[in-house]
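Trainee: could you work out the structure for the sequence below:
(one chain, ligands or ions: 1)
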Amino acid sequence: MKNVLLLTLLLGHTISKAQLSQASRDSISRISVMDHQQMKQQLGITVANRPGPSGNPEAPNAANRDESKVNKYVLPDPLILKNGVAVKSPKDWWEKRRPEIVEDFDREVYGRLPKNVPAVTWRLVSVKDTTLGNYPIKEKTLTGIVDNTSFPGIKVEIELVLVTPINTRGPVPVVMEFGFIRWPFGNITPVQTNRLISAAEPGWKEQLIARGWGYAILNPTSIQADNGAGLRQGIIGLVNKGEPRRPDDWGALRAWAWGASRAVDYFETDADVDEKRLAIEGLSRYGKAAVLAMAYEPRFSLAFVGSSGAGGTKILRRVFGEQVENLAGTGEYHWFCGNFIKYASTLTPDDLPVDAHELVALCAPRPVFISSGSPQVEGQWVDAKGMFLGAVHAGPVYKLLGGNDLATTEFPIIGTPLVSGDIAFRQHAGGHSTGPNWSTWISWACRYWGDCKYF
Ligand code: GCU
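Mentor: Reported below is the predicted structural model:
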């Protein structure tokens, strides 16, 4: 199949799309185009954006999939300060270089977390004892109610599901996924989405529960809509009192990562959860959100970043698969701050002050597992090698902080688990999913969390 990725994406979005009429979809894209345009006006950009390449390999303007045609580029060195001085100690990293990198990502790529984000109060909506496979589980549904007294016209209620095994000896580690599930509006419950990974392997939720670990699902779109039309609503709209964003205001990815931190606040209050053993996981756009959440939230001890591609762990300067021009177009710009549009219009990706390896480096020394599917099934849009290189070039920061890098710079053959270090990488043989990498991830996670069977 040529374009399995696109197909998977369409299917992945069926639940939310099905709820929208063609007219609402048209109006979402119309409003997104207008918002994109007003942001360009704020930025004083009068030239058209450069169009991104196509994800369809058959199209005349198909994205590059040929390694021999990859451009030459120079990456910013994560261990050289802006004044040219080399970073030699962990202290220099934490006090000087890391804040510089954070500032660049905040201003130019993902946007700043506002100073005045209102508080969230978690409400337990329901608790249910049930089973997953043969395992007894406790399923809690929660709503994080955002204080909207500053602008009552916008209501934000964050949807979270937490599932823990019953009969464990104490609080359990929890892996939180940024989930595609429209809960509680759709009729798919988190438990029902525990699909089989393959005929021979149980689903990821069952694999975790079997080990005595828990999982949680956070619904990103309950925090911030996944389109430009929603930028004057959701948590971004609430903070801006319904007004448009300014060029360095946060985008949806930063907002989703903020929501993940609020879920961690809740976990710290729940006696079933071991808040020292929390991981964040996500796929595709939610893989981008997962690495961002890991970078900005030190209370996550591990991450599982699935097929995050461009805007995630893939090197943005690398001309292969999805490009900055795609990300900065009207369909995806809302993931980022307004300033990011510059790099697909008046500037180029080579002008970015940072690149994806530095996002991975912001997670250091906490362990990050970078996952992708196979080119044959997933397609090349996500650029597995570009994500691998994001991991490789974060290595020196891990080493400086006493951690271990990937231990190789050579792109491995498919299926090889590069798991000896605190940055790990594996390209599984399946499609656009974290599914086939769960068992590898879990055994890697056991190194940090203990090979804990908590029963
Ligand atoms: C598109 C987009 C990717 C994104 C993916 C998804 O393919 O170009 O950047 O990761 O959608 O999230 O489904």
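Trainee: burial of whichever residue of the stretch 51-200 of the chain sits closest to the ligand, as a residue count?
Mentor: Among the residues of the stretch 51-200 of the chain, Gly55 lies closest to the ligand, at 6.1 Å counting by C-beta to the nearest ligand atom. Heads up, the C-betas are built off the backbone N, CA and C, glycines and all. As a burial measure, Gly55 scores 19 neighbours (other C-beta atoms under 10 Å).
Trainee: sec struct for Val125, please.
Mentor: Three-state assignment for Val125 (DSSP: H, G, I helix; E, B strand; the rest coil): strand.
Trainee: quick check: it touching Gly144?
Mentor: No. Assessed by C-beta atoms under 8 Å, Val125 is found out of contact with Gly144, at 10.7 Å.
Trainee: which residue ranges form the strands in the protein?
Mentor: 120-132, 135-146, 157-165, 172-178, 214-218, 273-283, 302-306, 368-372, 423-427 (DSSP state E).
Trainee: which one of those strands lies nearest to Ile235?
Mentor: strand 135-146 (6.4 Å; C-beta to C-beta).
Trainee: name the residues of that closest one that are buried.
Mentor: Buried residues in strand 135-146, defined by neighbour count with 16 or more other C-beta atoms under 10 Å: 135, 137-146.
Trainee: Trp438: which of the residues you listed is nearest?
Mentor: Closest approach between these and Trp438, by C-beta to C-beta: Tyr135, at 15.9 Å.
Trainee: how about the closest one, nearest residue that isn't a chain neighbour?
Mentor: Ile209 (4.8 Å; C-beta to C-beta, 6 or more residues apart in numbering).
Trainee: leaving aside the residues next to it on the chain, what's closest to the spatially most central residue of the chain?
Mentor: With distances taken as C-alpha atoms, centre = their mean, the residue of the chain nearest its centroid is Ala289 (2.1 Å). Leaving out its chain neighbours, the residue that sits closest to Ala289 by C-beta to C-beta, 6+ apart is Trp256, at 4.2 Å.
Trainee: ok, that neighbour touching Ala225?
Mentor: No. If you go by C-beta under 8 Å, Trp256 and Ala225 don't touch, sitting 10.7 Å apart.
Trainee: of the two, which one has the most company?
Mentor: Comparing Trp256 with Ala225 by other C-beta under 10 Å, the one with more neighbours is Trp256, at 29 against 21.
Trainee: so what's that one up against?
Mentor: Trp256 is in contact with 178, 220, 223-224, 286, 289, 292-293, counting by C-beta atoms under 8 Å, 6 or more residues apart in numbering.
Trainee: ok, now Gln224?
Mentor: Contacts of Gln224 (C-beta under 8 Å, 6+ apart): 230, 234-236, 252, 255-256, 259.
Trainee: how about Met387?
Mentor: Shown in contact with Met387 (C-beta under 8 Å, 6+ apart): 307-309, 312-314, 356, 370, 372, 425.
Trainee: mind doing that once more with 6 Å?
Mentor: 313-314, 370, 372 (C-beta atoms under 6 Å, 6 or more residues apart in numbering).
Trainee: one more: Val319?
Mentor: 64, 70-71.
Trainee: and with 10 Å instead?
Mentor: By C-beta atoms under 10 Å, 6 or more residues apart in numbering, the contact list for Val319 reads 53, 63-64, 69-73, 349, 383, 386.
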